[in-house]
Every structure is written in structure tokens, then in C-alpha cells.
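Chemist: Sequence plus predicted model, see below.
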Amino acid sequence: MSKTAALLLCCALFSSRFFFANHLPIQDDPIAREIVRKAEDKMRGKTHQADLVIRIVRPNWTREMKARIWSKGKKNAAILITSPAKENGIVYLRRDKEVWNWVPSIERVVKLPPSMMSQSWMGTDFTNDDLVKEASAEDDYTHRLIGEDSLNKRFCYRIEMKPKPGTAIVWGKLLVWIDKEWYLQLRTEFYDEEGQLVNTMTGSGVKLLGGRMLTSVMEMIPAGKPGQKTMLNYESIKFDQEIPDAFFSPENIRNIR
């Protein structure tokens with residue numbers, strides 16, 4: 001065989017291997033997926049309503065807001081800002097894959113495009129998607145159980161999650177630590193598509209809320225920004241209260257209280 005023919009054969013073999021490697025079905029570990037599902041269900045319930053304090057911490061200042069959150073299943077969620085007075089009445093509403101924002105001061109309803117879901121929510125270190133959960137940790141990612149750890153004296157599963165093709169998710173992957181006993185999400189690391197750590201979210205203050213053992217404090221800490229973080233402190237949660245579907249309609253967004 002000539003050198004030219006051998007080279008062409010090698011190129012053909014490499015190309016075919018590359019094609020098949022990149023078109024293999026994405027594997028989803030059913031055990032890891034079930035762990036993530038239990039963690040999501042633990043915090044969500046059939047419905048839930050929560051009151052929380054949001055504290056934005058920066059090196060030279062701190063700002064505090066209060067909010068009320070409602071959710072129903074995986075597709076409906078609403079957030080109402082109740083203080084400070086300047087932002088009182090602002091609402092974010094999610095229905096299925098669409099998100100709206102109501103600002104009373106300008107009496108305007110704005111539909112948020114998918115490109116805004118990765119932007120900062122209300123000046124915090126959380127994104128719009130983090131708060132209204134357009135992406136589903138169970139449905140929009142593949143899952144792989146990669147180990148077990150002890151975190152804050154609690155034994156945890158460590159799971160790698162990667163976005164499924166075609167999903168509008170900016171992260172390259174997530175690493176999630178889920179408590180074995182209560183299925184609490186104690187730590188999540190958010191990586192970009194280049195594999196660089198962007199944010200770390202931690203859960204702490206485990207206590208009884210709404211009849212369930214839950215983390216009452218969530219902190220989002222951006223990488224490489226000392227002295228910066230956002231804290232969510234849950235004051236109360238009610239699960240499985242009846243909430244009509246119409247509550248989450250864009251037509252009702254002005255009435256959410």
C-alpha cells in the first residue's frame with residue numbers, strides 16, 4: 001500500500017470513529033436520576049409557598065429584600081417581592097417554559113426571552129433560571145453518580161449533571177452533593193462550557209420546615225469574587241396547599257399577592 005493510500009485510510013478510520021463517538025446515545029444513570037428526582041421533590045412538593053429573606057452581600061455594602069414564592073409541579077412558579085418599598089409588588093411568573101415580569105411602577109408586563117434566563121435576578125448572584133427554575137434538574141440533564149463524600153458531617157452522593165442537547169442551559173456541567181438521609185442538596189458547583197468553576201451554591205441550616213427536614217439557608221458564591229455572595233433564608237414553607245392553575249396565568253400576574 002502506498003503512503004498516500006495508507007494516509008487516506010487512516011483519515012477515513014479516524015473520521016468514522018469520531019462520527020460514531022459523537023453520535024452515540026447519551027447515557028443517563030437511572031440511580032443518579034432517581035436521587036436528583038427525590039431531592040427536587042423534597043423541596044417542591046405538589047405545591048409549595050414560602051416566605052424568605054434575600055441578602056445580597058458585597059465587599060462594601062449589603063442589601064436585603066423579602067419575597068414570597070409559590071410553585072405548582074414542575075411548570076408553574078411565581079415570585080413576589082414584598083420589601084423594600086421601592087421594589088414591593090414586582091412579580092416574576094413562570095408558566096411552562098415562558099417567564100413574565102410585572103413591574104407596578106411602570107404598570108408593564110414583560111415576557112423574558114430565553115437569553116435573559118442566565119442573567120442576574122434582581123441584582124443577586126442567582127440567575128433568573130435559578131429562581132423560577134425554567135430548567136429541570138431531573139428532565140433537562142443527564143446524570144452520573146461519580147462518588148460519595150462526607151460534607152458537613154453528612155454522607156452524600158456526588159452526582160455529575162450535563163445538559164441534554166437542545167436545552168437552553170448555559171452550564172457545561174453541574175456537580176451536585178445530595179445528602180443520603182434526607183435527600184438534601186447541600187452543594188452544587190456550576191461550571192461553564194470550558195470546565196471553569198463559575199458559582200458554588202451551598203445549603204445549610206437543616207431544620208423542620210413545612211413538616212420536612214430541609215436546608216433553610218442557601219448561599220450562592222461566585223468564583224473569584226471575594227466578599228461577594230447572595231443568601232436565601234427561608235422563614236416558612238407550606239406544602240401541598242391547593243393553588244389553582246389560573247393563579248399562574250399572565251392575566252393574573254397583577255393580582256399576585
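Modeler: Received, thanks.

Chemist: hey, where'd the helices end up in this protein?
Modeler: Ranges of helices within the chain are 3-21, 30-44, 128-132, based on DSSP state H.

Chemist: Can you give me every residue that contacts Gly111?
Modeler: One thing to correct before we go on: residue 111 is Lys, not Gly. The contact partners of Lys111, taken as CB atoms under 8 Å, 6 or more residues apart in numbering, are Glu98, Val99, Trp100, Pro250. For the C-beta atoms, the positions are set from N, CA and C on the backbone; glycine is no exception.

Chemist: One more pass at 6 Å, please.
Modeler: Trp100 (CB atoms under 6 Å, 6 or more residues apart in numbering).

Chemist: try Leu80
Modeler: Contacts of Leu80 by CB under 6 Å, 6+ apart are Arg68, Val91, Ile256.

Chemist: Next one: the residue nearest the centre of the chain relative to Ala137, how far apart?
Modeler: Using CA atoms, centre = their mean, the residue of the chain that lies closest to the mean C-alpha position is Asp130, 4.0 Å off. Asp130 sits 11 Å away from Ala137, going by CB to CB, to the nearest Å.

Chemist: on that earlier part again, between the contacts of Leu80, which has the least confident prediction?
Modeler: Lowest pLDDT among these: Ile256, with 94.

Chemist: give me the number of residues near the closest residue in space to Phe248 that isn't next to it in sequence?
Modeler: Spatially, and ignoring its direct neighbours in sequence, Phe248 is nearest to Asn76 (4.0 Å; CB to CB, 6 or more residues apart in numbering). A count of neighbours around Asn76, defined by other CB atoms under 10 Å, yields 19.

Chemist: which ones are touching Trp100?
Modeler: Trp100 touches Leu93, Val109, Lys111, Pro250, Ile253, counting by CB under 6 Å, 6+ apart.

Chemist: Test my guess that the first one contacts Ile79.
Modeler: No: between Leu93 and Ile79 there is no contact, the gap being 8.0 Å when judged by CB atoms under 6 Å.

Chemist: picking up where we left off before, neighbour-wise, which of the contacts of Leu80 leads?
Modeler: Busiest of these [other CB under 10 Å] is Val91, holding 22 neighbours.

Chemist: give me the beta-bridge partners of that one?
Modeler: Beta bridges link Val91 to Leu80, Trp102 when assigned by DSSP bridges.

Chemist: separation between it and Val110?
Modeler: 11 Å.

Chemist: what's the answer for Gly210, then?
Modeler: The value you get for Gly210 to Val110, if CB to CB is used, is 32 Å.

Chemist: The two: which is more packed in?
Modeler: For the pair Gly210 and Val110, the greater number of neighbours falls to Gly210 (17 against 12), based on other CB under 10 Å.

Chemist: Which residues are in contact with that one?
Modeler: Ile237, Lys238, Phe239.

Chemist: next one: Ser236
Modeler: Here Ser236 is in contact with Asp51 (CB under 6 Å, 6+ apart).

Chemist: could you redo the last one with a cut-off of 8 Å?
Modeler: Contacts of Ser236 (CB under 8 Å, 6+ apart): Ala50, Asp51, Leu209, Gly210.

Chemist: how close does the nearest residue to the last one once chain neighbours are set aside get to Glu40?
Modeler: When you say that, I think you mean Gly210. Among residues not flanking Gly210 along the chain, Ile237 sits closest, at 3.9 Å (CB to CB, 6+ apart). Note on Ile237: its distance to Glu40, by CB to CB, is 15 Å.
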